[in-house]
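S.K.: Pasting the sequence and the predicted coordinates here, then a few questions.
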Amino acid sequence: MPVVDNTVAVKRFFQNQAATGLNAMANHTLMVANLTAPFKRRGSLKSRNVEVRRIGRDAIRLTWKPVYSQYQNRGKRANGTHVVRKYTTAGTGKGFVDGGVRSTMKDYKRFFR
């Protein structure tokens, strides 16, 4: 009986599963971040203004395009001045990206089943 080497097929299968899991994690992070993102300026911090870019095979980078998104997410400028006291949308606040990431990482195993 001949020995069949399926190493390439198995490797490809796991790479595809990992890519699918990463995509699902990115989508979930965006969904949760959208729930708490301020959106007064025609929804400019919502997911349609987020660049989703794959970095190699093992990572995805989410980049919010509006220049003030970092300021809104931190709740203050990088140098600590100009603290955001009132967000444009009720029920939103700082850390909308961090909340999405925390929610995704809390149950990360479900994305790789």
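M.R.: Now that the structure is in, tell me what you want to look at.

S.K.: Buried ones in the helix or strand of the chain with the lowest mean pLDDT, by neighbour count?
M.R.: Within the chain, no helix or strand scores below helix 69-74, which has a mean of 76 by mean pLDDT, DSSP states H and E. Neighbour counts using 16 or more other C-beta atoms under 10 Å place 69, 72-74 of helix 69-74 among the buried residues. Heads up, the C-betas are built off the backbone N, CA and C, glycines and all.

S.K.: could you point out which element follows it?
M.R.: Next along the chain after helix 69-74, taking DSSP states H and E as the criterion, comes helix 96-106.

S.K.: pLDDT on the top helix by length along the chain, on average?
M.R.: The single longest helix within the chain, with elements called by DSSP state H, is helix 7-36. Averaging pLDDT along helix 7-36 gives 86.

S.K.: buried residues in that helix?
M.R.: Buried, per 16+ other C-beta under 10 Å, within helix 7-36: 21-22, 24-26, 28-30, 32-34, 36.

S.K.: And stretch 101-108, by the same measure?
M.R.: 101, 104.

S.K.: which other residues reach it?
M.R.: Contact with stretch 101-108 is made by 25, 28-29, 32, 111, as judged by C-beta atoms under 8 Å, 6 or more residues apart in numbering.

S.K.: Pick out the most distant pair among those.
M.R.: Using C-beta to C-beta, the pair of the contacts of stretch 101-108 lying farthest apart is 32 and 111, separated by 13.2 Å.

S.K.: Could you report the distance from residue 8 to residue 15?
M.R.: Residue 8 sits 11 Å away from residue 15, going by C-beta to C-beta, to the nearest Å.

S.K.: do residue 62 as well
M.R.: Going from residue 62 to residue 15 by C-beta to C-beta gives 21 Å.

S.K.: and residue 58, how many neighbours does it have?
M.R.: Neighbours of residue 58 under the rule other C-beta atoms under 10 Å: 10.

S.K.: in terms of contact, does residue 32 touch residue 97 like I think?
M.R.: No. Counting by C-beta atoms under 8 Å, residue 32 does not reach residue 97; the two are 9.4 Å apart.
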